[in-house]
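In: I would like to see how this sequence folds:
(chains A and B)
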2 protein chains.
Amino acid sequence: MSQAARPAGPANPANPANPANPASPAKSADLVDAVKVAVLGCGTVGGEVVRLLTNSASDLRSRVGARLELVGVAVKDLDEPLPLDGLDRSLLTEDAVGLAGRADVVVELMGPIEPARSAILAAFAAGASVVTANKALLASHGPELYEAARAAGVDLYFEAAVGGAIPILRPIRESLAGDTVTRILGIVNGTTNYVLDRMTGEGLELADAVRQAQELGYAEADPTADVDGYDAASKAAILASLAFHTRISADDVYREGIGQVTADDVAAAAATDHVIKLLAIVERRGAGSPPEGVIARVHPALVPKSHPLASVRGAFNAIYVEAAAAGELMFYGRGAGGRPTASAVVGDLVTVARHKVSGTLGPGESAYLGLPALPVSQALTRFQIRLVVKDQPGVLAAVSRVIAGEGVSIEAVRQTPGAHGRGLADLTVVTHQATEGALQKTVAALAGLEVVAEVAGALRVEGE
Amino acid sequence: MSQAARPAGPANPANPANPANPASPAKSADLVDAVKVAVLGCGTVGGEVVRLLTNSASDLRSRVGARLELVGVAVKDLDEPLPLDGLDRSLLTEDAVGLAGRADVVVELMGPIEPARSAILAAFAAGASVVTANKALLASHGPELYEAARAAGVDLYFEAAVGGAIPILRPIRESLAGDTVTRILGIVNGTTNYVLDRMTGEGLELADAVRQAQELGYAEADPTADVDGYDAASKAAILASLAFHTRISADDVYREGIGQVTADDVAAAAATDHVIKLLAIVERRGAGSPPEGVIARVHPALVPKSHPLASVRGAFNAIYVEAAAAGELMFYGRGAGGRPTASAVVGDLVTVARHKVSGTLGPGESAYLGLPALPVSQALTRFQIRLVVKDQPGVLAAVSRVIAGEGVSIEAVRQTPGAHGRGLADLTVVTHQATEGALQKTVAALAGLEVVAEVAGALRVEGE
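Out: From the prediction side, this is the model:
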């Protein structure tokens, strides 16, 4: 495990010499009285960032040790209305890439991939540090951005990319740097948590709950990124990369959204004292016992009502972290919205600006472990399988035989009179822990059984 | 609000030149291959820190960018048994102060004030950075230690002093640096939370619950520091100082332990859907409307069962933070114990060692706001007052008149047949928000009423 053998660049977090940073000669502690800030994107979050920079200017100056000077705001269209009053319109530009080259710190809040990526690379090339909330970009182009930041001798910070206002990335990357994170379970998408919460509280079907979320502004007109788990998968990749010192991209994350979750599933979960949550789960498998690696997955899961994640309501987020020495930790708060997200962005901005003032850098990419991303079939989980079976002798024996045949053992079985008509019964099976692969095979085998009329549902059980 | 006018030293967090650090010439990024670490104190936490340094040596090296070399462990008595096997006994010394002068980073885990304070000052004088978990020392001598660290150009880190393993100080001081913290409610003492939890769950009286906690190792033989709120008050002072950029010492914290909480109080709380928690509450009052200042207090309080803090069970800790832009945040985890505390200590150690490697410093004291500490009588809170009254006409009118006379208004009144014998009734009054001073006067005035036989309890209601 020597440092030289590690794949992803030096773990050494700081490069005080900053040789590639053309702006650095002017940045020594005695000379800097203002740090030039450019904000790219003036939507809900960008508007709040500009507002905080203006309204808290005096506090920020004390905390940074220099004035934060807003040198420009990039917008898509100069003629569009702004989300805040009183902004000097001469600061506005449509040229994000050009503006990125004129600042000490660039705050990127534009959009998913382009032109955000080009603007960030332009910022690095001009010696500016970058603060971004762009989870999709980080989860797809993270190593490229880290490498460009390292080469330029500047900072790349992105606390707001996961969990909105919740401080979670800094704690993982700095506070837990003396510990070994083993697993993270996160409710990282407020839209789907809101939708599932409404389904649980009011017995709604998914489509109705989504419509309600859209009416209240919790869901976009096209809710695909949230409902199908793309947003959560990006965040899972970012969490896994930091927690396990390994490059994990969104493509490495198994992804299953909440599209198949029915009111029936939610009711069945409640009947066994569970709630259904869309979880981002990243875990380190087999330290010592192969296969060693990282599994990252996003899917709906049954969570026991007694688990701290179960009581995370509405559009809130929470990230539950398990570490070898620290034990269980949970971080809870608002995962989206203009002001909460701006809080995280400006927090990063203060840190990065302090570094500019003192000529130092924060920790860069840490990917020294270079663990393989394992397929989801290797994940250990439990299933709750709901079957509609023929109401006749020998059914339980047949079902048990099939499950045992896949090497899976049963924790509990519950048979209830069926609501499905004469001659049918409901049978709910909860398994002990097994690999996802074996459990998927079990479900397929059960579906093929003559005594099984229907597999009404199969959901993973997590958080026990 | 110019920087020069601020009382507590420069907000500028880093001093890369490190002129007063005699060790710094050898500490440039290219030369350091080992950071010398001394651990002062080898009890439960110290033992686990040494164990982590040994077992995670390879990971820590990658994360720091240099080897962490354990140069000595200070113990009280060389002949006492150690909490871990396999430690090279030649590393042991009884001379903590001497050892502190031979390291790059000193981890202080010895005890409340002396010799911890002298050892830390010796470490600073010798150019070493310090990581400590010593809340009592920080809450009483914080400014002296910060100043000595600043003068020596070294770091002082103390994440483990509040909330054990929970990352809370770094998030407040760095992640929330772009926001304005308005209030923190913390369950920061695991012993009293365990005791109150047992009282709630099993209807125990305080003394029995404390005995149970002692038997299980959750409470010390002398439980005064926990039960009387001294431990929580130290933590409140630390939280307030960081959150409000103001020097707040333990002496500024109003302190009331759980010694007066009865099984009766706990049952009455449950009857109104509350639980009793010992809270550390720090808040910023009157930004804009005088009197402006900081109020820090520790006392038992009724918390609604629906509040996230209400479900914090056993010896766990949780810190609930309210900030202007972020909204509500909560940080949850293990607040004590060897391994969890060691996780926080070694996390700080990695940060401080990184700084040694790169010749930089983290943020120092930030006390630029210099707000006054206000007396608890200025705190805004609500009271639930339980009265035993004469069961006769006109009682409610008399009670209401007294309460109104103090300028306090009533939210709810509930009268129940008394369990106190013939002619008496129970009357529970919940007030609207008022100052602690007015509420205390109200309770005193009620106690003097002829129709009031007894004030059975008066507890603050928080978290609504």
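
In: which bits of the stretch 351-464 of chain A sit near chain B?
Out: A:351, A:354-355, A:357-361, A:363, A:366, A:368-369 (C-beta under 8 Å from any C-beta of the partner chain). C-beta coordinates here come from the backbone N, C-alpha and C atoms, glycine included.

In: Mind checking which of these are buried?
Out: A:351, A:354-355, A:357-361, A:363, A:366, A:368-369 (16 or more other C-beta atoms under 10 Å in any protein chain shown).

In: Show the backbone phi and psi for the closest residue to residue A:436 other than its chain neighbours.
Out: Using C-beta to C-beta, 6 or more residues apart in numbering or on different chains and skipping the chain neighbours, the partner closest in space to residue A:436 is residue A:379 (4.5 Å). With angles defined as degrees, to the nearest 10, residue A:379 sits at phi -70, psi 140.

In: How about the contacts made by residue A:379?
Out: Each residue near residue A:379 by C-beta atoms under 8 Å, 6 or more residues apart in numbering or on different chains is listed here: A:254, A:281, A:283, A:285, A:295, A:297, A:435-436.

In: Run through who's touching the one helix or strand in chain A whose mean pLDDT sits lowest.
Out: Every helix and strand of chain A was ranked by mean pLDDT, DSSP states H and E. The lowest is strand A:410-417, at a mean of 88. Applying C-beta under 8 Å, 6+ apart, the contact partners of strand A:410-417 are A:382, A:396, A:400, A:403-404, A:425-432.

In: how about the residue of the stretch 151-300 of chain A found nearest chain B, phi and psi?
Out: Nearest to chain B in the stretch 151-300 of chain A, going by C-beta to the nearest C-beta, is residue A:178, at a distance of 2.6 Å. For residue A:178, the backbone dihedrals (degrees, to the nearest 10) come out as phi -100, psi 0.

In: For the most far-flung residue of chain A relative to its centre, pull up the helix or strand it's in.
Out: The centre of chain A is farthest from one residue, residue A:393, which by C-alpha atoms, centre = their mean lies 47.5 Å away. Under DSSP states H and E, no helix or strand contains residue A:393.

In: how close does it get to residue A:456?
Out: Applying C-beta to C-beta, to the nearest Å, the value for residue A:393 to residue A:456 is 21 Å.

In: Quick one: low-confidence residue ranges for the stretch 251-400 of chain A.
Out: Scanning the stretch 251-400 of chain A for pLDDT under 70 picks out A:287-289.

In: thinking again about what came up before, the residue nearest to residue A:436 and residue B:416: what is the separation?
Out: For residue A:379 relative to residue B:416 (C-beta to C-beta), the value is 54 Å.

In: if we can go back for a sec, farthest pair in the residues of the stretch 351-464 of chain A next to chain B?
Out: A:357 and A:369 (32.7 Å; C-beta to C-beta).

In: the domain parsing of chain A - what is it?
Out: Per automatic domain parsing, the domain ranges recorded for chain A read A:3-165+A:338-358, A:171-332, A:379-461.

In: from the chain's centre, how far out does the second one sit?
Out: On the basis of C-alpha atoms, centre = their mean, to the nearest Å, domain A:171-332 sits 8 Å off its chain's mean C-alpha point.

In: Ok, stretch A:445-461 next?
Out: Worked out by C-alpha atoms, centre = their mean, stretch A:445-461 lies 31 Å from the chain centre.

In: Residues in contact with stretch A:450-458: which ones?
Out: Taking C-beta under 8 Å, 6+ apart as the rule, stretch A:450-458 contacts A:262, A:264-265, A:268, A:383-390, A:392, A:394-395, A:398-399, A:420, A:424, A:426, A:439, A:443, A:446-447.

In: these two touch, right, residue A:185 and residue A:328?
Out: No - counting by C-beta atoms under 8 Å, residue A:185 stays clear of residue A:328, with 9.9 Å between them.

In: Counting residues, which helix of chain A comes out longest?
Out: helix A:338-358 (DSSP state H).

In: Thanks a lot, see you next time.
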